[in-house]
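Colleague: with the input below, show me the fold.
(one chain, ligands or ions: 1)
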Amino acid sequence: MPPSPARSSRTTDWTPPRRPDCSCPEHHDDLAELVLPVTEPGDPPTTLPDLVAANTLGVLPAEPRDRWLEVHDESDSGPSRLGPFHWGLWLGDEARSCYDDDSERSLDQALLDRPGVDRVEWMEREEFLVGAPTLCASGLLAAMARALADPRVRAAGRPAA
Ligand SMILES: [Zn+2]
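Modeller: Have a look, this model is predicted:
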């Protein structure tokens, strides 16, 4: 019989995976040519290397205190927890022109569509927490670039009647 895997908690033992031990379908350097359209007509499109070089987009392992979020729902029976989250991702205001707030698909939903991304919490305007234990930082940048490249994050929702 194969030995049973150690009963370790991923939330305390998790260390950010590195290439090639990650599960990322692609990495940020694979997407150097990917064009990220913007919503403003006439503005030039941007690229993933542009965003990273300007520090508009970045990824760091989540702070231990951000691993789990306490959610207080007054209508429910006490606080519940959201998580675990592994990565903190920021997307500066300079990238605001890459997506629309009232689009058909929100940016956090588009990121959640990417393989390996288990959960996304849009914390503040520029800050996301991402549960993605098997992605490395580079792979998460690639996932965010794919989300920004998704035309649905710019497409208007159903027109008002
Ligand atoms: Zn990776």
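Colleague: what's the separation between the residue found closest to D93 once you drop the neighbours it is linked to in the chain and the ion?
Modeller: Computed as CB to CB, 6 or more residues apart in numbering, the closest residue to D93 that is not its neighbour in sequence is E126, at 6.5 Å. Placement of C-beta: from N, CA and C, glycine included. As for E126, its distance to the ion is 23 Å (criterion: CB to the ion, to the nearest Å).
Colleague: quick check: mean pLDDT of the lengthiest helix in the chain?
Modeller: With secondary structure taken from DSSP state H, the chain has its longest helix at helix 137-149. What helix 137-149 shows for mean pLDDT is 98.
Colleague: near the ion at all, it?
Modeller: Yes - judged by CB under 5 Å from the ion, helix 137-149 and the ion are in contact via G139.
Colleague: report the distance from that helix to the chain centre.
Modeller: Using CA atoms, centre = their mean, to the nearest Å, the mean C-alpha position of helix 137-149 is found 7 Å from that of the whole chain.
Colleague: repeat for stretch 115-122
Modeller: Mean C-alpha position of stretch 115-122 versus that of the full chain (CA atoms, centre = their mean) differs by 6 Å.
Colleague: pull up the distance across that stretch, start to finish.
Modeller: In stretch 115-122, first residue to last residue: 18 Å (CA to CA, to the nearest Å).
Colleague: next one: stretch 85-102
Modeller: 26 Å.
Colleague: near the ion, anything from it?
Modeller: No - residues of stretch 85-102 contacting the ion under CB under 5 Å from the ion: none, with a closest distance of 11.7 Å.
Colleague: buried residues in that stretch?
Modeller: Going by neighbour count (16 or more other CB atoms under 10 Å), the buried part of stretch 85-102 is 85-91, 95-100.
Colleague: where do the helices sit along the chain?
Modeller: Assigned by DSSP H, the chain shows helices spanning 10-13, 48-53, 107-112, 137-149.
Colleague: can you put the ones you listed in TSV and add mean neighbour count?
Modeller: Compiled in TSV, the helices of the chain are given as follows (neighbours: other CB atoms under 10 Å):
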stretch	mean neighbour count
helix 10-13	11
helix 48-53	18
helix 107-112	21
helix 137-149	24
